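> here's a sequence, model it:
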Amino acid sequence: MGRRPPLGAVGIVSADAPRLPMARPELIHSIIESGNEVVLIGPEREEDFKAEAYDDHIRFCHLPLPRRSANPFQELLATRSVLAALRTTSIDNALVYGLRWIPLLVPLLRRTCTGRVVCIVNGSGTLMSRKGVLGAWLRIISFIPLRRALRQASVIMFQNSDDLLLFRRRKILADRSMTLLTAGSGVNLERFSASPMNTTSRNFLMISRIVSGKGINEFSQAAEIVHHTYPEARFILAGGDDGDDDINWSRIRSGIRRGYFTYVGEATRDEVTDLLRDSFCFVLPSYRGEGVPRSILEALAVGRPVISTDTAGCRDTVESGVNGFLIPPKDVEALARSMIYLINNPDEAITMGVASRIRAETLFDVHKVNREIIGALLEAVA
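As a prediction, the model looks like this:
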């Protein structure tokens, strides 16, 4: 009988499991290359996955849960069926991405995994930032199971220091909790290689899920302001529509009709690379509670200046005035001013793009991040 691979079957839990091979291809390949197996776990069914993206070393586990829900009681009712699905899947170690799944799944994975359960906090999302009575109520009912689950995790990996400090300040972590800080999810510096900027282009690119917290409305509003004075400027938005009713589609459609705004929908990996190389500047005015936005990391690697917000996760990617600008969240005027500055100073935009590439090489190499993640899992078998 041959020696057992060091990690065995590694389950990766995500709210968007079909996108994992596109979003985390290097991590998946690193696990498989060592003779291990990957199990993608999520609320989607196997037929939702594109078969050509996988090989014999990848399996699927469907969780009988809604993909998105703000009702923890509904998820608790599904505990028995979720536990049955995990038991039949046979997982040795597990990675759990995102706060969405931690309270329910970490205790269940502890009962079904033979090895480690590693949590990756890739942003605090709306749980920590939602205002008013509803936000306070959601935190009250969410913090207790979140604390209980995180105290059962082998390691908790944070993608930015703001979230780590927030969790400690709110006493969500136990004093004995093992935590690690990573540089987001990293970026593939070979795939997203440095690309010379087309100095005649004035394409401002935003790649994001189409949800209001990402700053979609602020981007379209700033685009309208800038276009009024600089009609040569173009604004491209790429990302899947999540059906957010707060998106101002009428303004976007107006920009499309007038020829200065383009919505391309969800882009493939190759299309993302082409969009970045054709861009003049990358924009992500998010105020949602990011980990470290992967889209920004890809823009850094290609060598583009970045305009983003001075918020958790986003601020880790930009040194304002060096490789782009950090603006206050929801500040449309500041966003428009930053765009106009780059239009008027193309040589400085090029210099900022070079600084972005250096920042990506220095801080955000995906292979370094993946070694840290796999190292956290290997502690179980070392």
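> any stretches of the stretch 101-250 of the chain with poor pLDDT?
Screening the stretch 101-250 of the chain residue by residue with the criterion pLDDT under 70, one finds the ranges 126-131, 134-135.
> please enumerate the strands of it.
Under the criterion DSSP state E, counting those that start in this stretch, the stretch 101-250 of the chain carries strands at the ranges 117-121, 155-158, 179-181, 203-207, 234-238.
> need those in CSV with distance to Arg191, can you?
Every C-beta, even on glycine, is put in place using the N, C-alpha and C of the backbone. Conversion of these to CSV gives the following (distance: least, Cβ to Cβ, whole Å):
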stretch, distance to Arg191
strand 117-121, 21
strand 155-158, 23
strand 179-181, 24
strand 203-207, 15
strand 234-238, 17
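> tell me which of those sits most buried.
For these, ranked by mean neighbour count under the definition mean count of other Cβ atoms under 10 Å, the leader is strand 117-121 at a mean of 26.
> how many neighbours does the closest residue to Gly239 other than its chain neighbours have?
Ranked by Cβ to Cβ, 6 or more residues apart in numbering and with sequence neighbours excluded, the top spatial neighbour of Gly239 is Ser208, at 4.7 Å. The local packing count at Ser208 equals 22, with neighbours defined by other Cβ atoms under 10 Å.
> repeat that for the one 4 residues further on.
When neighbours are defined as other Cβ under 10 Å, Ser212 has 16 of them.
> that one: what's its closest spatial neighbour, skipping adjacent residues?
Asp246 (4.0 Å).
> and Ala301, how far is that from Asp162?
Here Ala301 is placed at a distance of 23 Å from Asp162 (Cβ to Cβ, to the nearest Å).
> so between the two, which is more surrounded?
Using other Cβ under 10 Å as the criterion, Ala301 and Asp162 rank with Ala301 on top: 28 against 19.
> output the contacting helices and strands for whatever helix or strand the more buried one lives in.
With secondary structure defined by DSSP states H and E, Ala301 is part of helix 294-302. Applying 3 or more Cβ pairs under 8 Å, 6 or more residues apart in numbering; DSSP states H and E, we find helix 294-302 packed against strand 203-207, helix 269-277, strand 281-284, strand 306-309, helix 346-363.
> right, and the ones you listed - which one's nearest Gly240?
Evaluated with Cβ to Cβ, the helices and strands packed on helix 294-302 place strand 203-207 nearest to Gly240, the distance being 10.5 Å.
> between that closest one and helix 269-277, how many degrees?
With axes from the mean of the first three to the mean of the last three Cα atoms, to 10 degrees applied, the angle from strand 203-207 to helix 269-277 works out at 140 degrees.
> distance from strand 203-207 to the middle of the chain?
Strand 203-207 has its average C-alpha position 17 Å from the chain's average C-alpha position, going by Cα atoms, centre = their mean, to the nearest Å.
> send the alpha carbons of that strand over as PDB?
Output in PDB follows, covering the C-alpha atoms of strand 203-207 (Å, rounded to 0.1, in the frame of the first residue of the first chain):
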ATOM      1  CA  ASN A 203     -10.100  53.900 -20.300                       C
ATOM      2  CA  PHE A 204     -11.100  53.800 -16.700                       C
ATOM      3  CA  LEU A 205     -11.800  50.200 -15.800                       C
ATOM      4  CA  MET A 206     -13.800  48.700 -12.900                       C
ATOM      5  CA  ILE A 207     -14.100  44.900 -12.500                       C
END
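> can you list the domains in the chain?
Residue ranges for the domains of the chain, per automatic domain parsing: 9-186+365-378, 203-363.
> could you single out the most deeply buried of these?
When you average the neighbours per residue for each of those (mean count of other Cβ under 10 Å), domain 203-363 leads with a mean of 20.
> span of it from start to end?
Counting by Cα to Cα, to the nearest Å, the length from the leading to the trailing residue of domain 203-363 is 26 Å.
> do the same with stretch 258-270
End-to-end distance for stretch 258-270: 28 Å, by Cα to Cα.
> let me see the mean pLDDT of that stretch.
When pLDDT is averaged over stretch 258-270, the result is 95.
> out of the helices and strands packed on helix 294-302, the one nearest Gly115 is which?
Closest to Gly115 of the helices and strands packed on helix 294-302 is helix 346-363 (Cβ to Cβ; 29.8 Å).
> which strands or helices does that closest one pack on?
The contact analysis (3+ Cβ pairs under 8 Å, 6+ apart) places helix 346-363 against helix 294-302, helix 332-344.
> so for the first one, what's the average pLDDT?
The reference is to helix 294-302. For helix 294-302, the mean confidence score works out to 98.
> how far does it sit from its chain's centre?
Here the centre of mass of C-alpha atoms in helix 294-302, compared against the chain's by Cα atoms, centre = their mean, lies 12 Å away.
> repeat for stretch 219-228
Relative to where its chain is centred, stretch 219-228 has its mean C-alpha point 26 Å off (Cα atoms, centre = their mean).
> hmm, who's touching it?
With Cβ atoms under 8 Å, 6 or more residues apart in numbering as the test, stretch 219-228 has contacts from 204, 206, 233, 235, 237, 248, 251-252, 254-255, 258, 260-261, 283, 285, 332-333, 335-336, 339-340, 343.
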